[in-house]
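**Student:** Quick one, what's the 3D model for this:
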Amino acid sequence: MTLLHTTSGAIAPTATPAQQGLATAHQAAAFLSISRTTLWRLTRQGTLQPVKIGRSLRYRWHDLRELAQGGAK
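**Tutor:** Numbers count the residues shown, from 1 in each chain. The predicted structure is shown next:
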């Protein structure tokens, strides 16, 4: 992950080639620096909308970066 300084002075994470597409729950929680329990709570609340692939849930990197920057839906 690289960091990008925004005009407000905040540091915003930007995507690396490995962070394109979808993240596992473990990757999403690590990226946001939260527990998996908190990740599930954000999912239940509708803050994050995962993609279901079979029985697995995946999270869009774009949504994770947006949430990390304080832009929760």
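**Student:** Let me know the helix or strand that the residue nearest the centre of the chain is in.
**Tutor:** In the chain, the residue lying closest to the centroid (C-alpha atoms, centre = their mean) is L64, at 1.9 Å. Assigned by DSSP states H and E, L64 falls within helix 61-68.
**Student:** Run through the neighbouring helices and strands of that helix.
**Tutor:** Contacts defined by 3 or more C-beta pairs under 8 Å, 6 or more residues apart in numbering; DSSP states H and E place helix 61-68 against strand 11-14, strand 22-23, helix 25-32. In short, each C-beta sits where N, CA and C put it, glycine included.
**Student:** let's see it at 7 Å
**Tutor:** With contacts defined as 3 or more C-beta pairs under 7 Å, 6 or more residues apart in numbering; DSSP states H and E, helix 61-68 has these neighbours: helix 25-32.
**Student:** show me what contacts the residue nearest to the centre of the chain?
**Tutor:** A23, A28, F31, L32 (C-beta atoms under 7 Å, 6 or more residues apart in numbering).
**Student:** Make a markdown table out of those and add distance to R41.
**Tutor:** Shown next, in a markdown table, are these (distance: C-beta to C-beta, whole Å):
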| residue | distance to R41 |
| --- | --- |
| A23 | 17 |
| A28 | 13 |
| F31 | 16 |
| L32 | 12 |
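**Student:** Please convert the buried members of these into PyMOL selection syntax.
**Tutor:** Here is the PyMOL command that selects the buried residues among those (16 or more other C-beta atoms under 10 Å):
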select buried, resi 23+28+31+32
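**Student:** Lovely, talk soon.
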